[in-house]
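Peer 1: What would the 3D arrangement of this be:
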Amino acid sequence: MESPKIPFDPATAKAPTSWKGLSVLLALVGAGLAAGAWFIQKDHSRFAHAYLVGFMLVALIGTGALMFVMLQQLSRAGWSVSSRRIAEGWMSSLFLLVLLFIPLVLLAKQGHLYAWLTDFGAAAVKNAGNIPDADRLAAHVHHMSEKKAFWLNESSWLARSAFYLVAWVILAALILRRSFATDVADKEGAAANTTFIGKLSAPGIPLLGLTLTFASFDWVMSLQFDWYSTIFGVIHFADSMVLIASLLIISVACIQGKGLMKGAVNVEHKHDLAKWLFAFNTFFAFVSYAQFIIIWFADIPEETVWYHRHAADGWSLLGWISLFGHFFVIFFLLMSRHMKRNHFVTVLVSIWAILMAIVHLYWEIMPTMGYPVPHAAGPFGVQLADILVIAGLLTLSFAAFLFTLSGRNLVAVGDPRLQEGLKFENY
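Peer 2: Below you'll find the model as predicted:
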């Protein structure tokens, strides 16, 4: 049912300080889940790939939140002012990402992720045995590793990764600092802080777009380094927008269910958040299809090899689930205006969208286990350790969200455009 409109109550705008203690508890739970997955998973290569799924999930949440905030600030949007602080809370996932990158590096250096990093690709093919045309495949892998060595080598990979993380952290830190400052500043100070964030967002948006694209290349696409796609980063950008829209819808629903943010986000704002989810989910489907159809039409072995690996041994099931679950289900459920304004439907669809984003990342990453040896990933199957490590990292992201907003205003009460946002209506 459509939520009734009630006046904004500033007294309910501040988050309780108890969130900080809860965030510490959740951080321990998240770390415990990830550590438990390491101990129960004897196949460390599989753990490393599942960890990368969780790592990329946190990265997309953080970058999606950062992009959402900068787009709203640069466009001087009024409708999102009352919910933008929630997105700023999810930006804190980027600070967490710096710590989560350390285990990723250790796993990679141990040879559990990137064949080019430890230079075992061609040797692994020769030693595997029972591989048709093993010598030819080994020669191809060796050739590709040599040709791409200028980009895919340990020092440059680490340097680029550090640049991505530092750029994201600086942007998020500057925006958070100025945004929180508007809550206590006078009228002129609040306007100056808001203007600063808008000016920062102008170069920040293309910087974030480029760094997210190349991070997708370096952290995910290079798992199968003989393959390439210029659309790959755009697909992850689209998924990051789907994730943040879903998290905003769910977060606002949960927070308002606790009696906070009364009247700050009403059915009009929720309608626009649902439109954001609908639009970028459709865009995700478009760019994913574009990547597939271009490769299918060209039928070049160096390009089709990625889909061949991700369809073998039953892994194609996840691709079909992603196709129908990530696109058709959400598309048809949110197509009508009535459904976008239905609080219950949008929350359920948002939960589903997050699950589908995880499925898509899982399908992208897990079949590359044992690359370049064919069928090394084994038949499709989800193991308990995979679920634990992904859930653990998602819990850590939620803990960072609670820690950042603990004792803070959940609505940017000092923002000059707040009153405009509160009066917003869809036509």
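Peer 1: element containing residue 161, please.
Peer 2: Assignment of secondary structure by DSSP states H and E places residue 161 within helix 154-182.
Peer 1: Residue 97 now?
Peer 2: Assigned by DSSP H and E, residue 97 falls within helix 93-109.
Peer 1: quick one on the thing from earlier: buried residues in the following helix or strand past the helix holding residue 161, which are they?
Peer 2: Sequence-wise, the next helix or strand beyond helix 154-182 is helix 187-219, with elements assigned using DSSP H and E. By 16 or more other CB atoms under 10 Å, the buried positions in helix 187-219 come out as 190-191, 193-194, 196-197, 200-201, 204-205, 207-208, 211-219. C-beta coordinates here come from the backbone N, C-alpha and C atoms, glycine included.
Peer 1: same for the helix or strand just after helix 187-219, what does it pack against?
Peer 2: Counting by DSSP H and E, the element after helix 187-219 in chain order, helix or strand, is helix 232-257. In this structure, helix 232-257 makes packing contacts with helix 44-74, helix 81-90, helix 187-219, helix 267-298, helix 343-365, judged by 3 or more CB pairs under 8 Å, 6 or more residues apart in numbering; DSSP states H and E.
Peer 1: Measure how far the third one is from the centre of its chain, please.
Peer 2: Just to be clear, that refers to helix 187-219. Average the C-alpha atoms of helix 187-219, do the same for its chain, and the two points are 17 Å apart (CA atoms, centre = their mean, to the nearest Å).
Peer 1: could you check the angle helix 81-90 makes with it?
Peer 2: Relative orientation of helix 187-219 and helix 81-90, computed by axes from the mean of the first three to the mean of the last three CA atoms, to 10 degrees: 50 degrees.
Peer 1: And the fourth one, by the same measure?
Peer 2: Compare the direction of helix 267-298 with that of helix 81-90 by the same axes, to 10 degrees and you get 50 degrees.
Peer 1: Show me what the helix or strand following helix 267-298 is packed against.
Peer 2: Under the assignment DSSP H and E, the closest C-terminal helix or strand after helix 267-298 is helix 301-311. Counting contacts by 3+ CB pairs under 8 Å, 6+ apart, helix 301-311 packs against helix 267-298, helix 316-323.
Peer 1: at 7 Å what do you get?
Peer 2: The criterion is 3 or more CB pairs under 7 Å, 6 or more residues apart in numbering; DSSP states H and E, and the helices and strands that helix 301-311 contacts are helix 267-298.
Peer 1: The helix it packs on to helix 232-257, inter-axis angle?
Peer 2: If you take the same axes, to 10 degrees, helix 267-298 sits at 160 degrees to helix 232-257.
Peer 1: So which elements touch helix 267-298?
Peer 2: Where contact means 3+ CB pairs under 7 Å, 6+ apart, helix 267-298 is packed against helix 81-90, helix 232-257, helix 301-311, helix 330-333, helix 337-340, helix 343-365.
Peer 1: hmm, back to that, in JSON lines, list the helices and strands packed on helix 232-257 along with mean pLDDT.
Peer 2: JSON lines is the format used below for the helices and strands packed on helix 232-257 (pLDDT from 0 to 100):
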{"stretch": "helix 44-74", "mean pLDDT": "96"}
{"stretch": "helix 81-90", "mean pLDDT": "94"}
{"stretch": "helix 187-219", "mean pLDDT": "95"}
{"stretch": "helix 267-298", "mean pLDDT": "93"}
{"stretch": "helix 343-365", "mean pLDDT": "95"}
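Peer 1: Any idea which of the ones you listed gets closest to residue 140?
Peer 2: For the helices and strands packed on helix 232-257, proximity to residue 140 was assessed by CB to CB; helix 267-298 is nearest, at 17.9 Å.
Peer 1: Can you tell me, leaving aside adjacent residues, what's nearest to the residue nearest the centre of the chain?
Peer 2: With distances taken as CA atoms, centre = their mean, residue 60 lies nearest the centre of the chain, 1.7 Å away. Among residues not flanking residue 60 along the chain, residue 240 sits closest, at 4.1 Å (CB to CB, 6 or more residues apart in numbering).
Peer 1: That neighbour: what's it in contact with?
Peer 2: Residue 240 makes contact with 60, 63, 64, 67 under the criterion CB atoms under 7 Å, 6 or more residues apart in numbering.
Peer 1: and what of residue 395?
Peer 2: Contact criterion CB under 7 Å, 6+ apart gives 26, 29, 30, 33 as the residues in contact with residue 395.
Peer 1: go with 8 Å
Peer 2: By CB atoms under 8 Å, 6 or more residues apart in numbering, the contact list for residue 395 reads 26, 27, 29, 30, 33.
Peer 1: now residue 276
Peer 2: 241, 245.
Peer 1: that older thread, so which of the helices and strands packed on helix 267-298 is the most packed in?
Peer 2: Ranked by average neighbour count under the criterion mean count of other CB atoms under 10 Å, those are headed by helix 81-90 at a mean of 25.
Peer 1: Take it, keep the C-alpha atoms, and write them as PDB.
Peer 2: What follows is the C-alpha trace of helix 81-90 in PDB, where atoms were taken according to Å, rounded to 0.1, in the frame of the first residue of the first chain:
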ATOM      1  CA  VAL A  81      18.200  15.700  -0.200                       C
ATOM      2  CA  SER A  82      16.200  13.900   2.500                       C
ATOM      3  CA  SER A  83      17.600  10.500   1.600                       C
ATOM      4  CA  ARG A  84      21.100  11.500   0.400                       C
ATOM      5  CA  ARG A  85      22.600  11.200   3.900                       C
ATOM      6  CA  ILE A  86      21.800   7.400   3.800                       C
ATOM      7  CA  ALA A  87      23.700   7.100   0.600                       C
ATOM      8  CA  GLU A  88      26.600   9.000   2.300                       C
ATOM      9  CA  GLY A  89      26.500   6.400   5.100                       C
ATOM     10  CA  TRP A  90      27.000   3.600   2.500                       C
END
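Peer 1: could you check the angle helix 44-74 makes with that helix?
Peer 2: For helix 81-90 and helix 44-74, the angle between their directions (the same axes, to 10 degrees) works out to 150 degrees.
Peer 1: Helix 81-90 - contacts with which helices or strands?
Peer 2: If contacts are counted by 3+ CB pairs under 8 Å, 6+ apart, helix 81-90 sits against helix 44-74, helix 154-182, helix 232-257, helix 267-298, helix 384-405, helix 418-422.
Peer 1: what does it rub up against?
Peer 2: Helix 81-90 is contacted by residues 8, 61-62, 64-65, 68-69, 72, 80, 175-176, 179, 244, 247-248, 251-252, 255, 261, 264-265, 269, 273, 397, 401-402, 404-405, 408-412, 415, 417-418, 420-422 when judged by CB under 8 Å, 6+ apart.
Peer 1: Out of the helices and strands packed on helix 267-298, the one nearest residue 280 is which?
Peer 2: Closest of the helices and strands packed on helix 267-298 to residue 280 is helix 232-257, at 3.7 Å (criterion: CB to CB).
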